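J.: I need the structure of the sequence given here:
(chains A and B)
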Amino acid sequence: MPKRHWPLYLSLALFLRLLLMIGLAPSRSHGAPSQTLMDAPRQRTQSPIVTGTSVIGLKYKDGVMLAADTLASYGSLARYKSVERIRPVGESTLLGASGEYSDFQAIMEMLEDQTQEDRNMDDGFKRAPAEVHSYLRAVMYNRRNKMNPLWNYLLIAGVNPRTGGFFLGSVDHIGTAYEDDILATGFGAHLALPILRRRWRADMEEGEARALLEDCMRVLFYRDCRALNRIQIAKATREGVLVSDPYTIETSWSLAAFAQPKAGADTDGSW
Amino acid sequence: MRRRRRIALVGCCCACVTRATLATYSFSESLTHQLTKLVPDQAPLQGLHHTAAAALPQLSITINGNIPSLKQTNWKEQVSKRADGWQPYEDNGGTVVAVAGPDFVIIGADTRLSVNYNILSRKVTRIHGISGARTFIGTAGCWSDTQGLLKAMQGLVGDYEWQQQHSISTAALARLLSNVLYSRRSFPFYTHNIVAGLDREGAGAVYGYDPVGSFERVKVACVGGGRSLLQPIMDHLAGDQDSSLDRRKPLVSVSCDDALELVKEGFVAAAERDIAIGDEAEILVIDAQGVTRHRLALGTH
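T.: Below is the predicted model of the structure:
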């Protein structure tokens, strides 16, 4: 190749360089497509999609009990009819969640990681339910501070493995945390809490406590449009935690209130 | 010779064309780069350019402690455009009252936690002791912010007492709370606070706050939902005088028992007329002998 053809070689070299640049250049929209071409995926979610309804809980003579149905709704569609909305955390704590089901699954993952770390430490430490409650308060509050809440109303129940004390507490999606002897989330706060407040006693036997919770779940099924009559009951005692298999509660639609509804009559008081 | 010249001419043309193309390409690249830097608001959120991210308010806290920082939040950008969109706040009710006397201080609050027409709990405590000392912060308003604020305060006071090797004075705690509240000026703690304790000379000191940290030492302070009901009653204790001596060391001149009676009557009156006040009033009397807790039953309706 003759040296006197150096302009040609130069131009060819530059042309090749141009081709390489174009071929390997990073795409102009590095990172994200422009907003005008398509909607960027939502990074901060402020409304729930797949939701669970109420969870209710009470302390009784031997421990703490929670109840919830097994429905995850997609708006008004009763989509997933066999989900677990009450799950054990470690050996002494139960967590029940209403609200966005995927956020509950994310929280369970966090707690399972924490439980595994406790196991790995292998130092005999037993995590108390009040500590789980405190941790979840911090998680929920910090997410709300980033304007990206975990949309759940949580009930934490359990028995302190070191002192034997009973614990029942609640944390909501903005980090409001408190404890009480009887608690309920969502519709349960309107329909079940009044029943619980009237009939609860500190020395209830397990059977009594369970019957009271079932009555509340029945009322919720009658009157909450997003409830199901298939429920789970869970209990935490000094012996450990137990979540029952789901079962169907009996309902009676021949009650006068349903068979002869008062709506429409002049003096029924409804509108 | 002619052929050689022709080749040379073609070669130069090619070189010029490619150089021109390259120059245009890299110029437009740098132009885009420039544009992204100049208009950060239009940059897509996901691929937020480094410089644009730096343009957002840097609101991290540089003192020790766990005050929730705002590094990743642009409050204005995230507020829902709908008036009924999600808000991160909730008013959980509560009323706190405090009175400063020559050798005592009284602080009281109700124990009902509510949201709209629901009662969440009948027995929360709104008066919180800070570290081991006899200074208390009473807080009304959003309960989640109350807890976040108190966690931050406990961390900071713990640091202070470890470094200084003595318990924090009421005046120093009052200033600290004001600074913590103001550090969240762009995303406030929705809390109405009162600090109550004894000052260095053993006299009562009461400080009243607004949600962003404006504070003042006063004779009597009321905050929260029942403020408009209780303040006029408590003003009887404050009296009419307000001499310059008063402003530096505001103290009521009634006895501790009289002040306590009026606080109790005030809560009973407020519970009658405000649905968010009720269940129980928890009242603390702090003096040189220590702290005495009184509990006053209010209606559960």
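
J.: which residues in the stretch 51-200 of chain A form helices?
T.: A:101-121, A:129-145, A:187-199 (DSSP state H, counting those that start in this stretch).

J.: can I get those in JSON lines with distance to residue A:61?
T.: For every residue, glycine as well, the C-beta is placed using N, CA and C. Below are the helices of the stretch 51-200 of chain A laid out as JSON lines (distance: least, Cβ to Cβ, whole Å):
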{"stretch": "helix A:101-121", "distance to residue A:61": "28"}
{"stretch": "helix A:129-145", "distance to residue A:61": "18"}
{"stretch": "helix A:187-199", "distance to residue A:61": "15"}
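
J.: quick one, which of these is nearest to residue B:129?
T.: Proximity to residue B:129, assessed across the helices of the stretch 51-200 of chain A by Cβ to Cβ, is greatest for helix A:129-145 (18.0 Å).

J.: Just want the angle from that closest one to helix A:101-121.
T.: Relative orientation of helix A:129-145 versus helix A:101-121 (axes from the mean of the first three to the mean of the last three Cα atoms, to 10 degrees): 130 degrees.

J.: And the contacts of helix A:129-145?
T.: Contact with helix A:129-145 is made by A:89-90, A:92-95, A:107, A:110-111, A:114, A:149-150, A:152, A:154, A:156-160, A:167, A:169, A:171-175, A:177, A:179, A:236, B:68, B:70, B:73, B:88, B:144, B:147-148, B:151, B:187, as judged by Cβ atoms under 8 Å, 6 or more residues apart in numbering or on different chains.

J.: I'd guessed residue B:7 sits against residue A:7; true?
T.: Yes - between residue B:7 and residue A:7 there is a contact under Cβ atoms under 8 Å: 7.4 Å.

J.: just to revisit the earlier point, for the helices of the stretch 51-200 of chain A, which one ends up most surrounded?
T.: helix A:129-145 (a mean of 21; mean count of other Cβ atoms under 10 Å in any protein chain shown).

J.: May I have the beta-bridge partners of residue B:207?
T.: residue B:195, residue B:217 (DSSP bridges).

J.: for it, what are its contacts?
T.: With contact set as Cβ under 8 Å, 6+ apart, residue B:207 has these partners: B:170, B:174, B:177, B:194-196, B:215-218, B:221.

J.: Against residue B:212, how distant is the residue nearest the centre of chain B?
T.: With distances taken as Cα atoms, centre = their mean, the residue of chain B nearest its centroid is residue B:189 (3.1 Å). As judged by Cβ to Cβ, to the nearest Å, residue B:189 and residue B:212 stand 8 Å apart.

J.: intersection of neighbour lists for those two?
T.: Residues touching both residue B:189 and residue B:212 (Cβ under 8 Å, 6+ apart) are residue B:181.

J.: so residue B:251, which of the three states?
T.: coil (DSSP: H, G, I helix; E, B strand; the rest coil).

J.: Just the buried positions in the lowest-mean-pLDDT helix or strand in chain A, please.
T.: Lowest mean confidence among the helices and strands of chain A (mean pLDDT, DSSP states H and E): helix A:6-24, at a mean of 75. Within helix A:6-24, the residues that count as buried by 16 or more other Cβ atoms under 10 Å in any protein chain shown are A:7-8, A:10-11, A:14-15, A:18.

J.: ok, residue 153 - how many residues close by?
T.: Going with chain A. 23 (other Cβ atoms under 10 Å in any protein chain shown).

J.: Can you look at chain B instead?
T.: Count around residue B:153 with other Cβ under 10 Å applied: 23.

J.: quick one: residue A:160 from chain B, how far?
T.: Here residue A:160 is placed at a distance of 19 Å from chain B (Cβ to the nearest Cβ, to the nearest Å).

J.: Once you drop chain neighbours, what's closest to that residue?
T.: residue A:128 (4.5 Å; Cβ to Cβ, 6 or more residues apart in numbering or on different chains).

J.: That concludes my questions; thank you for your assistance.
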